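Student: below are the sequence and a predicted model for it; my questions follow.
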Amino acid sequence: MADALIQEVMGSYEDKSFSELQSCIAKIDSEIHTNVTHHHNDLLAQTSNVELMDDVVMKTLIRTKTCLDNVRKTGESLEDLYEKLQLAVTKQENLYTTRQKIEIFEKVLEYTALIAGETNLANVALYVNSIETLCTNSKLEQLKPYKEKAVSLSQNIEKQTENMMLQGLTATSFNQVSSALQIFVNLNKLSMKITKILSETEKQFERDIKLCMKIKLGEERRVPVGGTNQPGRASSSTKISEGNKKQIWTNLESLTTKLVGHTAKIKFLNHVIKSGKDLNSNFSFNTLIDENVWIKFWNGFMEALVQNLGSTDNEIIRILFEDEFPKLLSIVTSMGNQVEDCSGLSITVSLNSGLRGVTLNYEKAFLSKSLAKLFDAASHIFAKTPATCPNTSEIDVLIGLINKELNLEDMMLKKLISRNVTKTVQLVCVKAEALICHDGNSTQVIGSATDSQVFNSQLLNILEYFKSKLRAENCDLVTNIMGNIMNPLIQAISESIEAILLTMHQEYFKRTSNKTTEYSLYMVELSSFLQRVAKDYLSLYNSNETIQKSAHQLSNRAIKSLVTNVSLVTNLDNEIRKQLVIDLNYVEVAVMPICPVLHDGQRYLRAFRNILQMNMDEIKNSNLIGPLVPHSCALHLIINQTNGEIKTPNIVNNWSVARYLRWLEEHSEKEKITLLKTCVESYVESVNSKGQTKFHQHYPIILYLLNNSYSD
């Protein structure tokens with residue numbers, strides 16, 4: 001039933017659609033009919049145009065065919081014309097080639113005729129080269145006989161010109177060499193011939209060097225240097241006879257003459273090349289050559305020397321050059337000077353460095369052997385068993401060897417040997433330092449001089465003798481070792497002096513007698529000790545700069561320590577000050593046994609002594625404080641005159657005088673002033689805390705000096 005319903009619906013829908021489609025078709029037909037009716041005339045006109053277009057197309061096709069026929073006929077005509085033209089061109093080319101060959105024949109015949117009547121070799125060379133060029137470029141079989149004749153003639157001209165060049169160089173004839181160069185230019189072989197000349201010259205002086213280095217020598221004996229081989233001694237060498245030596249040096253001098261001769265020829269050739277001109281182009285010969293003649297020769301010259309003279313397989317020659325290198329260097333240097341003279345060029349720097357490079361191997365060996373000889377001699381004087389101090393005779397032998405090694409004319413070699421001498425002096429210093437006695441007996445100052453002190457003095461004296469024979473540049477090394485020998489003893493003496501001066505703080509300065517020149521006990525002990533030092537210890541040493549310097553430092557240190565100790569003496573009243581002035585007057589006499597002249601120490605001592613005698617106003621206005629006497633020293637002196645009211649730093653800090661003295665020695669003036677200022681400020685606080693209204697009468701002067709110390 002449902003299916004029947006669907007079919008009914010579908011049938012109804014199809015009828016409706018068909019009806020609508022028929023209606024649309026009818027409308028379209030009506031529209032077409034209307035358009036055709038309205039545009040009937042236009043449609044007829046368009047039909048006529050189509051017929052006209054067909055006619056035009058037919059006519060165009062006919063004309064196109066006619067044009068194609070004409071083009072084909074024109075192409076055939078052009079091809080015929082091209083073939084005719086090609087034949088004409090070929091004939092012309094043949095005619096031209098024939099003409100060229102005829103011209104070449106004519107030129108060859110012309111040059112051949114000119115050669116036959118020419119006497120000038122340069123012109124002949126030019127004609128021959130032209131014939132060779134024409135024959136080579138044309139490649140004509142008919143010209144082969146002429147080419148062969150030209151080549152043969154060119155070879156003959158080359159030989160004649162080479163002989164002319166050789167004669168010109170030998171005779172230094174500008175005209176001959178210039179003519180030869182012109183011929184080579186005309187032959188178009190200038191660069192090649194110059195290269196050949198340089199090559200042959202290089203081969204020649206290379207042969208000369210090899211002949212010099214390959215001389216036949218007689219049998220030589222090999223013996224150790226210095227007699228027998230010993231540990232640390234120079235190695236064995238070959239003993240060369242005087243005859244063989246003379247032969248070698250003669251050959252080397254002859255070689256120098258030959259090499260200088262070769263150089264002179266090349267120098268002259270270079271001169272002609274630079275100043276001469278090509279007659280054809282008017283250009284300098286130098287512009288026609290590919291490279292610098294002199295530079296090329298010089299490089300070859302140096303290379304030959306390095307390869308053939310710089311080293312040798314001949315042991316005899318090698319040993320001679322190493323042992324007598326200064327003579328070899330003199331000959332080589334002379335060679336360089338002669339080369340420079342004959343070259344006319346300033347080449348000293350490059351020449352010297354280059355020639356030294358040639359002899360570098362021999363120079364190294366010579367320096368090594370020289371150092372070995374010096375070390376052997378230096379070691380020999382310290383080789384005794386048991387170890388003893390060298391004597392002057394042994395030192396003289398070493399000094400003689402040093403002077404002999406330094407007896408050189410060449411300054412550069414002398415400088416290198418000087419380095420060996422410096423190393424030798426260093427070795428002597430090392431071995432001498434190893435002999436120094438460092439035991440307790442070497443620094444004792446209680447009894448007579450011990451064996452250790454005597455030995456050290458002998459060692460220092462012999463080093464002073466050694467130093468006096470040396471050049472200035474090596475003296476510092478010996479001076480340092482001498483100081484190492486002397487300083488421990490000087491330090492021990494200085495410590496004893498300070499210990500004696502320290503006893504003044506236990507000294508009772510109140511005199512029971514009325515003598516105004518009675519010295520304090522510490523001063524008597526100091527004088528006695530210094531006399532014994534001069535007699536028992538310093539007298540062992542010869543008077544020399546080291547001893548004088550040590551004694552001067554010792555006396556200055558003693559005076560400085562004395563002044564510092566005096567400034568620290570407490571409760572300084574007028575009586576104590578007078579006694580201390582007496583002691584200060586005598587101290588100059590006390591130190592005379594060790595140092596007769598005090599210099600700076602004397603000025604310091606006298607300045608302080610004057611301040612010790614001044615009243616407070618005089619001290620305040622004194623110009624001695626600052627320039628000569630430190631502010632700290634003057635402040636200590638004034639503070640110790642306050643009867644303990646103002647305390648010095650050692651009392652404030654509960655230090656012993658000895659400890660405070662060490663502190664003062666280790667610290668700067670600024671640090672000393674700062675410490676003193678702290679003590680003074682502590683005093684001011686103490687007065688204020690006690691409610692007191694007055695300070696000590698010396699306080700203003702102390703404050704003034706403190707402030708003045710900062711301004712200075």
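Tutor: The structure has been received and is ready for your questions.

Student: where exactly do the helices run in the stretch 601-712 of the chain?
Tutor: Using DSSP state H, counting those that start in this stretch, the helices assigned to the stretch 601-712 of the chain run over residues 616-621, 631-639, 649-652, 657-666, 669-689, 699-711.

Student: mind giving me a markdown table with those and columns for distance to residue 203, mean pLDDT and mean neighbour count?
Tutor: Glycine gets a C-beta too; all of them are placed from N, C-alpha and C. Listed next are those as a markdown table, based on distance: least, C-beta to C-beta, whole Å; pLDDT from 0 to 100; neighbours: other C-beta atoms under 10 Å:
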| stretch | distance to residue 203 | mean pLDDT | mean neighbour count |
| --- | --- | --- | --- |
| helix 616-621 | 96 | 89 | 14 |
| helix 631-639 | 87 | 93 | 24 |
| helix 649-652 | 92 | 92 | 18 |
| helix 657-666 | 79 | 94 | 15 |
| helix 669-689 | 81 | 92 | 15 |
| helix 699-711 | 87 | 88 | 15 |
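
Student: residue 100: which of these is closest?
Tutor: Set against residue 100 and scored by C-beta to C-beta, the helices of the stretch 601-712 of the chain come closest in helix 669-689, at 108.5 Å.

Student: list the contacts of the closest one.
Tutor: 630-632, 635-636, 639, 645-649, 652, 664, 667, 695, 699, 702-703, 706, 709-710 (C-beta atoms under 8 Å, 6 or more residues apart in numbering).

Student: give me the neighbour count for residue 76.
Tutor: Per other C-beta atoms under 10 Å, the neighbour tally for residue 76 reads 10.

Student: next one: residue 546
Tutor: Residue 546 has 20 neighbouring residues, counting by other C-beta under 10 Å.

Student: can you give me the buried ones in the helix or strand hosting it?
Tutor: Using DSSP states H and E, residue 546 maps to helix 545-567. With burial defined by 16 or more other C-beta atoms under 10 Å, the residues of helix 545-567 counted as buried are 546-547, 550-552, 554-567.

Student: dump it to CSV, keeping only the CA atoms.
Tutor: Written as CSV, here are the backbone C-alpha positions of helix 545-567 (Å, rounded to 0.1, in the frame of the first residue of the first chain):
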residue,chain,number,x,y,z
GLU,A,545,137.4,48.0,49.1
THR,A,546,135.3,45.2,50.7
ILE,A,547,137.0,45.5,54.1
GLN,A,548,136.8,49.3,54.0
LYS,A,549,133.2,49.2,53.1
SER,A,550,132.4,46.6,55.8
ALA,A,551,134.4,48.6,58.4
HIS,A,552,132.6,51.8,57.4
GLN,A,553,129.2,50.1,57.7
LEU,A,554,130.2,48.6,61.1
SER,A,555,131.3,51.9,62.5
ASN,A,556,128.2,53.7,61.2
ARG,A,557,126.0,51.1,62.7
ALA,A,558,127.9,51.3,66.1
ILE,A,559,127.4,55.1,66.1
LYS,A,560,123.7,54.8,65.3
SER,A,561,123.2,52.2,68.0
LEU,A,562,125.1,54.4,70.5
VAL,A,563,123.0,57.4,69.7
THR,A,564,119.8,55.4,70.0
ASN,A,565,120.9,53.9,73.3
VAL,A,566,121.8,57.3,74.7
SER,A,567,118.4,58.7,73.7
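
Student: how far does that helix sit from the chain's center?
Tutor: Mean-position distance between helix 545-567 and its chain equals 46 Å (C-alpha atoms, centre = their mean, to the nearest Å).

Student: which secondary structure elements does the strand or helix carrying residue 91 contact?
Tutor: Taking DSSP H and E as the definition, one finds residue 91 inside helix 40-117. When contacts are defined as 3 or more C-beta pairs under 8 Å, 6 or more residues apart in numbering; DSSP states H and E, helix 40-117 packs onto helix 121-138, helix 144-171.

Student: rounded mean pLDDT for the last one, please.
Tutor: Model confidence over helix 144-171, given as mean pLDDT, is 82.
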